[in-house]
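Enquirer: Predicted model and sequence below, questions to follow.
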Amino acid sequence: MRRREFITLLGGAAAVWPLTARAQQPAMPVIGFLHREIPTPGREAFIAAMKRGLAEVGYVEGRNVAIEYRWAEGQTDRLPTLATDLVRRNVAVIVAAANTPTALAAKSATPTIPIVFLVGTDPVESGLVENLNQPGGNVTGVSIIDVEVVAKRIQLLHQLIPTATSIAILVNPKNPITFRAETREARLAARALGLNLLVLEASDPADVPIAVATFVQQQASALLVSNDIFFFTVQDQLLDLAARHRIALSIPEVSAIRKGALLGYTPDIVAAWREVGVYAGRILKGEKPRDLPVQRSVKIDLLINLKTAKALGLEIPPTLLATADEVIE
């Protein structure tokens, strides 16, 4: 072989070697993200918290992990298709966030791909895991104390309106697990306080004014809004109607209290999202969902809008004000 030919071949090999090396590098892992609602601006803080949790374990989106987002835009019946799409994408882990139907759709789609959920119901009762400490299978996650605080929310409203004889709860029938659990707890709490409970339903923005009109017609004293994710998407609509009809509104959402709802007794959602990110990162590092106990988010914040209370002619007991985590004036 001539020297010139040898150099040419060597140069060609040098050009190929880096390409071969790059081809052999492991692909960036992909997290499949499944959510029932639309990607509203209000979700940004939650997604950011999840990414902080991932970063704590060493994963940064775009650098060493990718995230495929799937939003059902409020249509629960789309969740199975979107979950199946993520399975076909062969993602490394699925984050099924915000409510139980989302998590159940992910679980039904795959018995093997790890799933990290964020729900507000009992994961054992809903069939997501076998045991909180030893989940078993491919599913684990974070359970927010939500249904359990329905009774406390009713008690707080009764403290603010001691003359009340009836109270209403607004729930989403298209989330049957949360619907049944919250309604059951609300009935027990109302009965214990000698209150009549009016159950109102809404699963579409068009249902909200109809539910409020029923509330006004029945002359209930206060309205408790479910923690179902749907009601976050119609939050402004609810606040406008509450202001128009002078309704004492309890919503488990910090932004709603600051905007004008009367009362909030709400779990720390941002902290729960961070924990979801941490679990997703730990699974990417090789840990198994069956070995990761379901986390219980137990921090609850009491928020009172004093300006709204004054507008409704309500006197806030000093003892209640003293225990509030935040008072909006």
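Expert: Perfect, thanks for sending it.
Enquirer: which residue ends up closest to the midpoint of the protein in space?
Expert: Centroid-nearest residue in the chain: A98, 2.7 Å away (criterion: CA atoms, centre = their mean).
Enquirer: measure the nearest residue to it once chain neighbours are set aside to I177 for me?
Expert: Leaving aside its sequence neighbours, A98 sits nearest to I229 (CB to CB, 6 or more residues apart in numbering; 4.5 Å). All C-beta atoms are positioned from the backbone trio N, CA, C, and that covers glycine. In this view, I229 and I177 are 13 Å apart by CB to CB, to the nearest Å.
Enquirer: what sits up against stretch 54-71?
Expert: Contact partners of stretch 54-71, identified using CB atoms under 8 Å, 6 or more residues apart in numbering, comprise 28-39, 51, 82-83, 85-86, 89, 91, 274, 277-278, 280-282, 284-285.
Enquirer: of these, buried ones?
Expert: Buried members of the contacts of stretch 54-71, scored by 16 or more other CB atoms under 10 Å, are 29-37, 51, 82-83, 86, 91, 274, 277-278, 280-282, 284.
Enquirer: Show me how the record splits the protein into domains.
Expert: Domain assignment for the chain by automatic domain parsing gives 30-145+268-299, 147-266+301-328.
Enquirer: what's the spacing between the last one and its chain's center?
Expert: Taking CA atoms, centre = their mean, to the nearest Å, one finds domain 147-266+301-328 lying 18 Å from the centre of the chain it belongs to.
Enquirer: ranges for the strands of the protein?
Expert: Using DSSP state E, the strands of the chain run over 30-35, 66-71, 93-97, 115-119, 139-144, 166-171, 196-201, 222-225, 248-250, 263-267, 295-297, 300-305, 326-328.
Enquirer: By mean pLDDT, show me the worst of these.
Expert: In terms of average pLDDT, strand 295-297 trails the rest of the strands of the chain, at a mean of 86.
Enquirer: Give the pairing partners of that one; include direction for each.
Expert: strand 139-144 (parallel) (DSSP bridges).
Enquirer: Could I get the buried residue list for the strand it pairs with?
Expert: Within strand 139-144, judged by 16+ other CB under 10 Å, the buried ones are 139-144.
Enquirer: which outside residues touch that strand?
Expert: Under the criterion CB under 8 Å, 6+ apart, residues 96, 103, 106-107, 114-123, 128-129, 132, 227, 267, 269, 272, 275-276, 279, 289-290, 292-297 lie in contact with strand 139-144.
Enquirer: where in this structure is pLDDT low?
Expert: For the chain, the stretches flagged by pLDDT under 70 are 1-26, 39-42.
Enquirer: Where do the helices of it begin and end?
Expert: Using DSSP state H, the helices found in the chain span residues 3-24, 44-56, 79-88, 100-109, 150-160, 176-192, 207-218, 230-233, 235-245, 254-259, 269-284, 306-311, 318-323.
Enquirer: can those helices go into CSV with extra columns for distance to E329?
Expert: CSV is the format used below for these (distance: least, CB to CB, whole Å):
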stretch, distance to E329
helix 3-24, 59
helix 44-56, 23
helix 79-88, 41
helix 100-109, 36
helix 150-160, 16
helix 176-192, 29
helix 207-218, 26
helix 230-233, 25
helix 235-245, 17
helix 254-259, 11
helix 269-284, 23
helix 306-311, 5
helix 318-323, 11
